[in-house]
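Student: Generate a structure from the sequence data that follows.
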Amino acid sequence: MARESEAEGGDGRPEAEASPYPVEEIAAAWERERPGTPVSSIGIVTPIWQLAKLLGDDRRRVLARAGMDPATLDLLSVLRRSGEPYTLTTRELGRRSMVTAGAVSQRVARAEREGLVTRRPGEGRPRTVLVELTPAGHDLIEATVDQVLHREAELIDGLTPAQQEQLAGLLRILLQDTQRKLGDDRIGQVGEA
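Tutor: Coordinates of the predicted model:
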């Protein structure tokens, strides 16, 4: 009788013992099936994708409880971080949010209907539209950003402050190098449209 770790899989081959970290299992499977395949990125890229999915899903749940969606959070956050008078052009909103002009227009229209922003023509520049955070929008982002950032701090508190700092530095290097290689230096929210 075979030990449990040597039980046959659905393809008739013995099943390997489950790895405590599935990423290692993925890399080992590629090495087994395609010797010479470069697998060094799997241990970095796969967890980043998995974390992005988990963090994005959790952020959407936090926002749903706060009565906000990710696109509105992004819009209001960009305006709030811009400093007083919390006003930016639609072009600058698109650049900072890493979304198209059409997406900015939709976000602004929805937030304006909800009384969170106002828009007006820019002075002396035809076709320039200025978007400003309203007091209601300011209050909503103040309350919501605390909920989001407290939750995300909770999710990373398994790392010591030194580990968090080290990881942040490594991710900054990786992001900047990837942006350089891809010729894309835009930074935005994961999973936003």
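Student: Buried ones in the particular helix or strand that has A52 in it, by neighbour count?
Tutor: Using DSSP states H and E, A52 sits in helix 42-66. By neighbour count on 16 or more other CB atoms under 10 Å, the buried set for helix 42-66 is I42, L55, R59, V62, L63, A66. Every C-beta, even on glycine, is put in place using the N, C-alpha and C of the backbone.
Student: from those, which two are the most distant?
Tutor: Spanning the widest gap among the buried residues of helix 42-66 are I42 and A66, at 35.6 Å by CB to CB.
Student: just to revisit the earlier point, from the buried residues of helix 42-66, which is closest to R95?
Tutor: Nearest member of the buried residues of helix 42-66 to R95, counting by CB to CB, is R59, at 22.1 Å.
Student: Ignoring the adjacent residues along the chain, who's closest to the closest one?
Tutor: In space, R59 comes closest to V148 once its chain neighbours are excluded; the distance is 6.2 Å by CB to CB, 6 or more residues apart in numbering.
Student: Touching, that neighbour and R61? I think so.
Tutor: No: assessed by CB atoms under 8 Å, V148 is found out of contact with R61, at 10.6 Å.
Student: quick one: average pLDDT of the helix holding A52?
Tutor: For helix 42-66, mean pLDDT rounds to 94.
Student: what does that helix contact?
Tutor: 23-24, 26-27, 30, 69-70, 73, 143-144, 147-148, 151-152, 155, 174, 190-191 (CB atoms under 8 Å, 6 or more residues apart in numbering).
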